[in-house]
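Visitor: One predicted model, sequence on top.
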Amino acid sequence: MGREQWKRIWIGSAGNMVEWYDWFVYASFATYFAGAFFPDGNPTAQLMNTAGIFAVGFFMRPVGGWLLGRVGDRKGRKAALTLTVTLMSASAVLIAVAPTYAVAGYGGALVLLLARLLQGLSVGGEYAASATYLTEASDPKRRGFASSFQYVSMTAGQIVGLGLLILLQHTMSDSALHSYGWRIPFVLGALGAAVIFYLRRSMLETEVYAADDSGGEERGTLRALWRHKREAFLVMALTMGGTVAYYTYTTYLTKYLSNSAGLSKQTATLVSFTALIVFACLQPLAGRLSDRIGRRPLLIGFAVGSTFLTVPIMTLLKHADSYWPALGLSLLALVVVTGYTSINACVKAELFPTGVRALGVALPYALANALFGGTAEYVALWFKNAGAESGFSWYVAGCAAVSLVVYLSMRETRDLDLTRMKGAEPSSATPTSRSTPTS
């Protein structure tokens, strides 16, 4: 992989890191600002309110996926990536200055809601734009390795957020964190997004996009995407189990260890922080493995593991009474999830031709995330509030089982030639295809 390709991966990944830092820091600091925007009462109810707003952000992701996916296919990957980071910066500023319930009643919650809507728009386009950019900018024989940096950067964003949380927990009092300290990460997120905006303005377009002249006025349109509806439904189905498992063991894990297992907030945060560092390091290794053996074996391994191990892992985590048992179980779960996260970006990008690739990845992926990923934490808290917390574990396992059926029936995408996939014709990488992938 040449120097120029590494530069593209670096700029794309750095921007992705800041985007997802802003997205995940909301969940990481929710336990501290949940009481700031809603009346005093049941802490679980307050968390459910903030989790509900978190989920609303996911329901804007299909809109962002459509709008920014269209921009990515018609104006270029660079244009879409620059626009997404602009929206994310604005949302971070809004959260940083949002008034509390004591000052403005539910007005603060409305500002929080608006910020999450903007974040949903931004991330809805960011995932597809970065997945497409990283896949197209890489050596065809190392697409799995290169695209794995999407989740490296996503996880790095969460690690930075958790690292900042740990730092603030050790340098500020608990009352100060609840009062104003939770605003600090959002201020830093806005500043980071401004830096990435400057970097992305100078990034180069991918050769695959620049050389493609197919599609004409239909580039990035829903009409063009409809010609690839099988691939679009495939993206939704293969995302279902992966996104639920990912958000369960990343954004929800800290709250689960704190509220259900009884660990202190500091210990729960440290467990998540350590596990995510290992998780990030695993992504390129698994991505490179997929370049050698194919994408399907890793996806199938994830689905089998998540289907049969989720209930035992979550049950044991609930009874983990210290750092090391909780860390070991968390790592086991994230190793399983790596089979999905390390390669899902390139698998989805490999399904579509250049003229509709960004939209083809963005819209169905965002829809699946809105339905399953964004609601995972809320569903988990709903089960807990209803006194049937173990039901959530079975829900996660069931979603993985559905995706397993899809992984077993889909075709391998590793050897598809992106430069030979034309926008006017559906690709051959569908669940029902019997043909051999283009080499």
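Guide: Arrived safely.

Visitor: Let me see the ranges of the strands in the stretch 201-350 of the chain.
Guide: Under the criterion DSSP state E, counting those that start in this stretch, the stretch 201-350 of the chain contains no strands.

Visitor: now the helices for it?
Guide: For the stretch 201-350 of the chain, the helices defined by DSSP state H, counting those that start in this stretch cover 207-211, 222-226, 229-249, 253-259, 265-293, 296-318, 323-341, 344-349.

Visitor: Tell me which of those helices sits nearest to residue 30.
Guide: Ranking the helices of the stretch 201-350 of the chain by proximity to residue 30 (CB to CB) places helix 253-259 first, at 7.6 Å. Using the backbone N, CA and C atoms, a C-beta is placed for each residue, glycine as well.

Visitor: any weak-confidence spans in the stretch 101-250 of the chain?
Guide: Along the stretch 101-250 of the chain, segments meeting pLDDT under 70 span 215.

Visitor: can we see that at 80?
Guide: For the stretch 101-250 of the chain, applying pLDDT under 80 flags the ranges 101-102, 105-106, 213-216.

Visitor: Single out the most deeply packed of the helices of the stretch 201-350 of the chain.
Guide: Burial among the helices of the stretch 201-350 of the chain, expressed as mean neighbours by mean count of other CB atoms under 10 Å, is greatest for helix 344-349, which shows a mean of 28.

Visitor: pull the CA atoms of the next helix or strand after it into CSV?
Guide: Following the chain from helix 344-349 toward its C-terminal end, the next helix or strand by DSSP states H and E is helix 357-368. Taking only C-alpha atoms (Å, rounded to 0.1, in the frame of the first residue of the first chain), the coordinates of helix 357-368 have been written out as CSV:
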residue,chain,number,x,y,z
ARG,A,357,-22.3,3.2,-4.1
ALA,A,358,-22.5,5.9,-1.5
LEU,A,359,-26.3,6.0,-1.5
GLY,A,360,-26.5,2.2,-1.7
VAL,A,361,-24.5,1.9,1.5
ALA,A,362,-25.9,4.9,3.3
LEU,A,363,-29.7,4.5,3.1
PRO,A,364,-30.3,0.8,3.8
TYR,A,365,-27.5,0.8,6.5
ALA,A,366,-29.0,3.9,8.2
LEU,A,367,-32.5,2.3,8.1
ALA,A,368,-31.2,-0.8,9.8
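
Visitor: Distance to residue 102 added to the helices of the stretch 201-350 of the chain, as a markdown table?
Guide: As requested, the helices of the stretch 201-350 of the chain are exported to a markdown table (distance: least, CB to CB, whole Å):
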| stretch | distance to residue 102 |
| --- | --- |
| helix 207-211 | 50 |
| helix 222-226 | 45 |
| helix 229-249 | 31 |
| helix 253-259 | 24 |
| helix 265-293 | 23 |
| helix 296-318 | 35 |
| helix 323-341 | 35 |
| helix 344-349 | 43 |
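
Visitor: Which of these sits closest to residue 150?
Guide: Shortest separation from residue 150 across those is recorded for helix 344-349, at 4.5 Å, computed as CB to CB.

Visitor: picking that back up, do you know which of the helices of the stretch 201-350 of the chain lies nearest residue 158?
Guide: For the helices of the stretch 201-350 of the chain, the distance to residue 158 is smallest for helix 265-293, at 5.8 Å, taking CB to CB.

Visitor: Next, the angle from that closest one to helix 229-249.
Guide: Using axes from the mean of the first three to the mean of the last three CA atoms, to 10 degrees, the direction of helix 265-293 lies 150 degrees away from that of helix 229-249.

Visitor: Helix 265-293 packs against which elements?
Guide: Judged by 3 or more CB pairs under 8 Å, 6 or more residues apart in numbering; DSSP states H and E, helix 265-293 is in contact with helix 143-147, helix 149-171, helix 253-259, helix 296-318, helix 323-341.

Visitor: nearest to residue 352, of those?
Guide: Where the helices and strands packed on helix 265-293 are weighed against each other on CB to CB, the nearest is helix 143-147, at 13.7 Å.

Visitor: which residues are contacting that closest one?
Guide: With CB atoms under 8 Å, 6 or more residues apart in numbering as the contact definition, helix 143-147 has outside contacts at 1, 5, 9, 131, 134-135, 137-139, 284, 287-291, 295, 342-343, 345-346, 349-350, 414.

Visitor: Based on its surroundings, how many neighbours for residue 167?
Guide: Taking other CB atoms under 10 Å as the criterion, the count of residues near residue 167 is 11.

Visitor: distance of it from residue 177?
Guide: Residue 167 sits at a distance of 11 Å from residue 177 (criterion: CB to CB, to the nearest Å).

Visitor: Then residue 59?
Guide: In this structure, residue 59 and residue 177 are separated by 29 Å, where distance is defined by CB to CB.

Visitor: now residue 290
Guide: Applying CB to CB, one obtains 41 Å for the distance of residue 290 from residue 177.

Visitor: What of residue 228?
Guide: Taking CB to CB, one finds residue 228 at 48 Å from residue 177.

Visitor: who has more neighbours, these two?
Guide: Between residue 228 and residue 177, counted using other CB under 10 Å, the more crowded position is residue 228 (25 against 20).

Visitor: just checking, that one touches residue 355?
Guide: No - counting by CB atoms under 8 Å, residue 228 does not reach residue 355; the two are 10.2 Å apart.
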